[in-house]
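> one predicted model, sequence on top.
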Amino acid sequence: MLYREAMDVLGVSYSTLKRYVKKGLIRTYIYQTPKLMGKMNYWDDDVYALVGHRLQRKAGAREVAAYFRVNQKTGPGKERMLEQKRTVMGFCAGRGISIDRTYEDWSSSIEAGADRRPDWHRLLQDVMKGDVAALVVETRCRLSRFAWGEIEQLFKYHQCDIIVVNKVLDDLFYRDEQSEDLARQIEVLKMDRHLDPNSKE
């Protein structure tokens, strides 16, 4: 990862990041790919290993949690949920991060009601109570496809870090799920406009 992402993940200044490198806590190398040629790469594993150590110190009575979500229990959804859990747990185990509690929902990301995503609401309540020090998710869209920035700020306000395992969605399952969610969102907007024909939005 580049230095800005490393700083964001660790929550440190550039001078502190350089100090970690000087101490040998984070390995680096120079990118040789065309788009990133000459830029410094900070090893992901080393950065997240430091996150694990920090969370162990930071957590105390507060806990580290993981959240899992897929659109449906049937078909490939069930297997994708298992893969999601294996990915997150393997990521944490390799970086010294211990998961104390888990939450899981079987619903579209555009659903926000407690009846459709009960564990999402339980997670929000626990975060706002100050019980959760950090949350680990496989991808951002496990939480939301359309309101990531707002959710990230809300969690930061309650001193809860969000650790995203995979930044890039290149899995066909995720692409199909994203298409379904977008189609549902468009349908909801159409219904809203139909119910309120005077709306100018």
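Done, it's in.
> which SSE is residue 98 in?
Using DSSP states H and E, residue 98 sits in no helix or strand.
> show me the longest strand that occurs in the chain.
strand 63-70 (DSSP state E).
> neighbouring strands - and their directions - for that strand?
strand 101-106 (parallel), strand 132-137 (parallel) (DSSP bridges).
> in a markdown table: the ones you listed, plus mean neighbour count, distance to residue 30 and mean pLDDT.
Quick note: C-beta positions are derived from backbone N, CA and C, even for glycine. Output for those, formatted as a markdown table (neighbours: other C-beta atoms under 10 Å; distance: least, C-beta to C-beta, whole Å; pLDDT from 0 to 100):
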| stretch | mean neighbour count | distance to residue 30 | mean pLDDT |
| --- | --- | --- | --- |
| strand 101-106 | 18 | 39 | 95 |
| strand 132-137 | 24 | 30 | 93 |
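> what sits against residue 101?
Taking C-beta atoms under 8 Å, 6 or more residues apart in numbering, we find residue 101 in contact with 63, 65, 66, 126, 132.
> what distance do you get for the fourth one to residue 12?
Spatial separation of residue 126 from residue 12 under the definition C-beta to C-beta, to the nearest Å is 26 Å.
> tell me the centre residue of the chain?
residue 164 (3.5 Å; C-alpha atoms, centre = their mean).
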